[in-house]
Structure formats: C-alpha cells, structure tokens
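1. coords please:
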Amino acid sequence: MELYYSFSALIVLASIFAYLNHRFLKLPNTIGIMVIAIIVSIFLVLFGEAVLPRTFGHLNQLMNSIDFTEVLMGAMLNFLLFAGGIHINIDDLKEQFRPVLIFSTAGVVISTFIVGFGMFYLLPLVGVHLPFIYCLVFGALISPTDPVAVLSILKQAKVSKSLETKVAGESLFNDGMAVVVFTVVLQLAVGKEVDLGVESIGLLLMKEAGGGLLLGVLLGWVTSRLMREVDDYIISVLVTLSVVMGGYLIARQMHISGPLTMVAAGLFMGNFNVRFKMKSITQDYLIKFWELIDEILNAVLFLFIGFELLMIKDLNHFIIPGLIAILVVLAARFISIWGPSKFMSFRTRFSPQTIKVLFWGGIRGGVSIALAMSIPKSEYSNIILSITYCVVVFSIIVQGLTIAKVANPNKIAEEEGELESVALEDHK
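-> Prediction:
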C-alpha cells in the first residue's frame, strides 16, 4: 500500500506539472516537469517549514520513502531502455557500430580519469578536499551519458539518422562499461580488496556486459518467435512486458547487466517483428503502447530528479564546486569524443559539426544521480551527490534546451557531403 501511495502521488504531481508546463512554460515536457519540480523544491527548502509545513513534511516523507537507486536502476530504467531499443533500426546501428563501440567503452574510461584528475586538483582551490579515489568515483558515475535523458531530448532535435544513431547508440550501450568502472573504483574507495589485473577486469566486463547482451538477444529471439505464431496485439503487449520484467529478474539472479539485457532485447524484437511483417494494427498498438510507457516513466523520472533537491543537505555550500564540476565534465566529454574521433578518422570521418553535437549531446541524468546515491554514507558521499546534482541539472536544462540549436541539420548534411566527396577522392 505504501508503494501504491507513493507512485500515485508521483503520477498526480507529474500530471499537474506537465499541464502547467504545457500551458505556461511550453518547454519540452520532461525538462518542463523537472524545472517546475526544482522551483517547488527551492520554495519548500526556503519557506516550506514556515509557510507550508505539512506539504513540506509530506513531500520529504514521500522522497525519503522511495529508494531512488532501486526504483530507477531496478525498475524504471529497464522499461525505458527497452522502449528506446525497440525504436532503433539495427541496420543503422551496424553502420555506426565502430564509433558507438569506441565512444561507449574507451570514451567512458578516458572521461573517468580526466574528471578524476581535474576534480582532485581544482576542488582544493575552493576549500573542498576530496580524496583522489573518490574523485575517480565521481568521474565514473558522471562519465556515461544517460540513455533516458538523451533519447527523451534527442526527439526534439532534428539531426541526421547517422548522427542520431551515434548519440543514441552510445548512450544505450555505455552503461555496461560505466557500471564496471564504477563498481571497481567504489570498492577501492570503501577499502575492499579488488583484483585490478587486466584479466580480472576483462572477465568482469565480459560477464556484466557480454552476459547482458547475450541474455537480451536470447530473450528477444525466443519471444519474437512466439509472437510470430500468435499475431495478436494484446498478447504482443503482454509478451513484451514479460520480457522486461522477467528478463530483469533473470539478469539480477545471474549478476549480469539488466540495462544491456533490455537494450539487446528491445533491439532484437523491434527489428525482428518488423521483418516478419507483423499485422499493421498489432505493430501500431505495440509501438504506441511503448511510446506511452516511455512518456509516463520519463515524466515521473524527471519529477524525481527535480525533487531530489529536497534530499541534498546544504546544497548551497556546493554551488561553486558544482560549477567547477560542470566545466571539468564538459572538458572531459569534449576530449573523450574528439580524441577517439581522431583515432577513427582513417576509417570514419567526423565533421566539426558532428563532433559538436556528440559533445553537447552528452547529457547526464537520473543514472548518475542513482549511482551517486548508491555510494555508502561517508563524509564524502554528500559532496559527490551535491556536485552530481549540479552537473545533471545543468546538463538537462542548458544542454537539453540548446541541443536543437547546436544540431544544425543543414550544416551537418553539408559537412557530411563534403567528407563523403573527400573519401571518394581518397578511394580513387
């Protein structure tokens, strides 16, 4: 009953905020909901106990009763990633496989270390002393782009299919690498013995990421074959729901990546079901169902992010460190995109505009906050959570609202056309 009460309250608030945003702010739906939640949170933090003590108390109680890390990483993220994967064309992903793979693996590691070193040397300038290992923990949790935020906001920016696949593909697949890096560094931070050998970390990555992808493909193949025999939209919806919910339980029991399982299952089912000529009504219902699930959970998630402000103690003390973190994270993102793109340039050419969109489209979201909240309580956990929140809010609001302007479709098409001409000349 407590869970039902909490979820009901969140849905009611999300619907009210969505209505207010549609009528007055007219921002993209998810960003608007988060902005209103932040405004309400700031008001309650400043005046809540004096003006609206009961409302302040109820909201605090609601947020404290929900394990954000478990709700997002263990439930919502699975639905959102499956919904994201089901809409990606596998042929487009194959064409962009090389950049997606490198950005989602090497890019995450490069960014983690740049952020770690940057925070270690810059934070003491403003009186904040964070051990190097905890700076790396922050680097690991903030480096992966958030698939939910990216896919939600990317819908607003009209970019080329190849660029959209690069950005969306990276965000969907970088969770596996990020979780492994975060897990290893966090265990070192809390004093647990960790085998740092290449073989040990490689096996961990293979089990976490490879196992998740393999399980997702297996689930996708089995259920797609079943759906092929019974082409009914009600059964199709029930089957896809069972893949997400049952697949996560299996992945959890096997200690492999649930998010990557959902991505692989969504990709496989979304492409396989189209190829066997599913009835148009069945396909239409299935797509609309997952679009609706995607929109509802996105609204709740961004509401969560806005209200997380109520959970952070003394956030005002970390505004300056938060600004430093924003600059460091942006610099790390640029280097982690620009560096690998130069390495790949002899096979895959990147235009300046493409680099710009990949850089500015690296949006952080709820995944980073969830990982920050999973850090065991210590004298450093609140610092990390506070600066993570600053980076996420900046990323979603500033980068999210301006990515459509940065992504100039005409300029990208023009530059990509020039690069293709150069490539043809080189080939000759």
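2. which regions of the stretch 301-428 of the chain lie under the pLDDT threshold?
-> 345-349, 409-428 (pLDDT under 70).
3. how about the helices in it?
-> Along the stretch 301-428 of the chain, counting by DSSP state H, counting those that start in this stretch, helices occupy 319-343, 352-360, 366-373, 381-394, 400-406, 409-427.
4. what ranges do the helices span in the stretch 1-150 of the chain?
-> Here the stretch 1-150 of the chain has its helices, by DSSP H, counting those that start in this stretch, at 2-20, 29-43, 49-51, 53-65, 68-71, 77-86, 90-95, 97-122, 132-142, 147-154.
5. wait, what's in contact with residue 305?
-> 34, 37, 365-366, 369, 392-393, 396 (Cβ atoms under 8 Å, 6 or more residues apart in numbering). Placement of C-beta: from N, CA and C, glycine included.
6. can you rerun that using 6 Å?
-> 34, 366 (Cβ atoms under 6 Å, 6 or more residues apart in numbering).
7. which residue lies nearest the spatial centre of this protein?
-> residue 146 (1.6 Å; Cα atoms, centre = their mean).
8. does that residue touch residue 371 like I think?
-> No. Under the criterion of Cβ atoms under 6 Å, residue 146 is not in contact with residue 371, lying 10.5 Å apart.
9. on that earlier part again, how about the helices of the stretch 1-150 of the chain in TSV, adding distance to residue 172 and mean neighbour count?
-> Output for those, formatted as TSV (distance: least, Cβ to Cβ, whole Å; neighbours: other Cβ atoms under 10 Å):
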stretch	distance to residue 172	mean neighbour count
helix 2-20	24	14
helix 29-43	17	21
helix 49-51	42	10
helix 53-65	28	13
helix 68-71	20	18
helix 77-86	6	26
helix 90-95	9	14
helix 97-122	8	20
helix 132-142	18	26
helix 147-154	5	26
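10. in JSON lines: these, plus distance to residue 244.
-> Compiled in JSON lines, the helices of the stretch 1-150 of the chain are given as follows (distance: least, Cβ to Cβ, whole Å):
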{"stretch": "helix 2-20", "distance to residue 244": "17"}
{"stretch": "helix 29-43", "distance to residue 244": "20"}
{"stretch": "helix 49-51", "distance to residue 244": "41"}
{"stretch": "helix 53-65", "distance to residue 244": "24"}
{"stretch": "helix 68-71", "distance to residue 244": "15"}
{"stretch": "helix 77-86", "distance to residue 244": "5"}
{"stretch": "helix 90-95", "distance to residue 244": "19"}
{"stretch": "helix 97-122", "distance to residue 244": "22"}
{"stretch": "helix 132-142", "distance to residue 244": "24"}
{"stretch": "helix 147-154", "distance to residue 244": "14"}
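11. out of those, which is closest to residue 281?
-> With Cβ to Cβ, the closest approach to residue 281 among the helices of the stretch 1-150 of the chain belongs to helix 77-86: 17.2 Å.
12. count the residues that sit near the closest residue to the residue nearest to the centre of the chain other than its chain neighbours.
-> In space, and not counting its chain neighbours, residue 146 is closest to residue 365: 3.2 Å by Cβ to Cβ, 6 or more residues apart in numbering. A count of neighbours around residue 365, defined by other Cβ atoms under 10 Å, yields 29.
13. with residue 260 instead?
-> 28.
14. same question, the one 4 residues further on
-> Other residues within reach of residue 264 by the criterion other Cβ under 10 Å amount to 26.
15. residue 396 now?
-> 26.
16. can you check residue 374 too?
-> Look at residue 374: counted by other Cβ under 10 Å, it has 17 neighbours.
17. measure it to residue 241 for me?
-> 27 Å (Cβ to Cβ, to the nearest Å).
18. neighbouring contacts of stretch 212-226?
-> For stretch 212-226, contacts defined as Cβ under 6 Å, 6+ apart pick out 239, 243, 247, 256-257, 260-261, 264-265, 268-269, 272-273.
19. closest one of the residues you listed to residue 47?
-> For the contacts of stretch 212-226, the nearest to residue 47 is residue 257 (43.3 Å; Cβ to Cβ).
20. how about the closest one, phi and psi?
-> According to degrees, to the nearest 10, the main-chain angles of residue 257 amount to phi -70, psi 110.
21. what about the residue nearest to it when sequence neighbours are not counted, distance to residue 169?
-> The shortest distance from residue 257 to any non-neighbouring residue, by Cβ to Cβ, 6+ apart, is to residue 212 (3.2 Å). Residue 212 sits 16 Å away from residue 169, going by Cβ to Cβ.
22. just the C-alphas of stretch 182-196, formatted as PDB.
-> Extracted C-alpha coordinates of stretch 182-196, given in PDB (Å, rounded to 0.1, in the frame of the first residue of the first chain):
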ATOM      1  CA  PHE A 182      32.100   2.500 -11.100                       C
ATOM      2  CA  THR A 183      31.900  -0.800  -9.200                       C
ATOM      3  CA  VAL A 184      35.700  -1.400  -9.300                       C
ATOM      4  CA  VAL A 185      36.600   2.200  -8.200                       C
ATOM      5  CA  LEU A 186      33.900   2.300  -5.500                       C
ATOM      6  CA  GLN A 187      35.200  -1.000  -4.000                       C
ATOM      7  CA  LEU A 188      38.700   0.500  -3.900                       C
ATOM      8  CA  ALA A 189      37.300   3.700  -2.200                       C
ATOM      9  CA  VAL A 190      35.500   1.800   0.600                       C
ATOM     10  CA  GLY A 191      38.600  -0.300   1.300                       C
ATOM     11  CA  LYS A 192      37.600  -3.700  -0.300                       C
ATOM     12  CA  GLU A 193      40.200  -5.800  -1.900                       C
ATOM     13  CA  VAL A 194      39.900  -5.700  -5.700                       C
ATOM     14  CA  ASP A 195      41.900  -7.600  -8.300                       C
ATOM     15  CA  LEU A 196      43.000  -4.800 -10.700                       C
END
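23. any idea how far it is from the chain center?
-> 23 Å (Cα atoms, centre = their mean, to the nearest Å).
24. please point out which parts of it sit buried.
-> 182-186, 188-189 (16 or more other Cβ atoms under 10 Å).
25. would you list the helices of the stretch 301-428 of the chain in CSV and tack on distance to residue 163?
-> Below are the helices of the stretch 301-428 of the chain laid out as CSV (distance: least, Cβ to Cβ, whole Å):
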stretch, distance to residue 163
helix 319-343, 12
helix 352-360, 6
helix 366-373, 22
helix 381-394, 23
helix 400-406, 11
helix 409-427, 6
